[in-house]
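[1] test case, fold it:
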Amino acid sequence: MGRVAEVPSGDSHWPHYLAAWVHDLEGDGELTTSFTHYGDSDDFDVAGLRAHAARIATFARQVLLTADELDAGGGRLGADPESAQERRTWTIAFEEGGNISGYLPPWIERSSTDDYTEKKLRADRLGLLVDIDHWLSVEGVEMNVTGPGFDDPAEPEELFRGHLQVRPFDKEPGARVPHVDLEVVEGRWMQNLVPADLAGISDKLRLQAERLDNLRAQLVCARADWEANACPTREAGQEDRSSSARCGVL
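    Below you'll find the predicted structure:
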């Protein structure tokens, strides 16, 4: 049936770096998908094709993460002190004299240390330092979600709201370095995510989006089938209220 997806190549001998094909190998009407990489080919059924696509997506995401790190490091992996911007710090003064300070990252939109710009901290309240948080928030996706109670109405909920943050005095080591917390839905969190964790979640959500696209297609067919078979044609002037209810017509 021909090529359905491709990644072009600059090599004249192999015009397609990656290509996916759908064909009838046995001539029996059973379709097979082949995945070609520079001439080497593998054949997959639908489940195998999805698994292979997920592996490629994971690889692509890892490459993009490396590119992001190179951008952040000025072409080098890791921080480059010589090319770094001017280093900012926060400072909290003590009532009894003296202060404590720390690094203030350039990417933050807010820091809880701002709460102490005009007031001093008592030395016997150093335990409050555990609450210091530097963060950047990313909006989630708003959708109508029905609550668990009987007859609960559907209400808008923000899903997958992201928080890039660092809590330098937290008891959890993973929280003391930049990480992401995802609020899947109000009150339900995925915490202390590192770049690989976030890449894995993104890949799974992309795969789920494909499943929902397929489910949408099945829904269209299911509704057409229902209308054709569960909704008998009524004679003029007659009304079958039970079939009307089945067809969603009141």
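[2] buried ones in the longest helix seen in the chain, by neighbour count?
    Criterion DSSP state H: the longest helix present in the chain is helix 195-229. Across helix 195-229, burial judged by 16 or more other C-beta atoms under 10 Å covers 195, 198, 199, 201, 203. Any C-beta I mention is one placed from the backbone N, CA and C, and that applies to glycine too.
[3] and if you look at stretch 168-175?
    By 16+ other C-beta under 10 Å, the buried positions in stretch 168-175 come out as 168, 169, 170, 175.
[4] hang on, the third one packs against residue 176?
    Yes. The pair formed by residue 170 and residue 176 meets the contact definition of C-beta atoms under 8 Å, at 5.5 Å.
[5] domain parsing for the protein?
    Listed by automatic domain parsing, the domain ranges of the chain are 2-72, 85-193, 202-246.
[6] could you identify which of these has the lowest mean pLDDT?
    Lowest mean pLDDT within those: domain 2-72, at a mean of 65.
[7] count the neighbours of residue 155 for me.
    Residue 155 sits with 10 neighbouring residues when counted by other C-beta atoms under 10 Å.
[8] tell me which element it is part of?
    Assessed by DSSP states H and E, residue 155 sits inside strand 154-159.
[9] elements contacting that strand?
    strand 141-146, strand 179-185 (3 or more C-beta pairs under 8 Å, 6 or more residues apart in numbering; DSSP states H and E).
[10] just the helices from this structure, written as ranges.
    Counting by DSSP H, the helices of the chain are 46-72, 195-229, 241-246.
[11] tell me how far residue 186 lies from residue 177.
    Applying C-beta to C-beta, to the nearest Å, the value for residue 186 to residue 177 is 26 Å.
[12] what's the answer for residue 147, then?
    From residue 147 to residue 177 the distance is 36 Å (C-beta to C-beta).
[13] what's the answer for residue 152, then?
    As judged by C-beta to C-beta, residue 152 and residue 177 stand 40 Å apart.
[14] do the same with residue 156
    34 Å.
[15] more neighbours: which of these two?
    residue 177 (12 against 8).
[16] relative to residue 164, how far out is the more buried one?
    For residue 177, the distance to residue 164 (C-beta to C-beta) stands at 12 Å.
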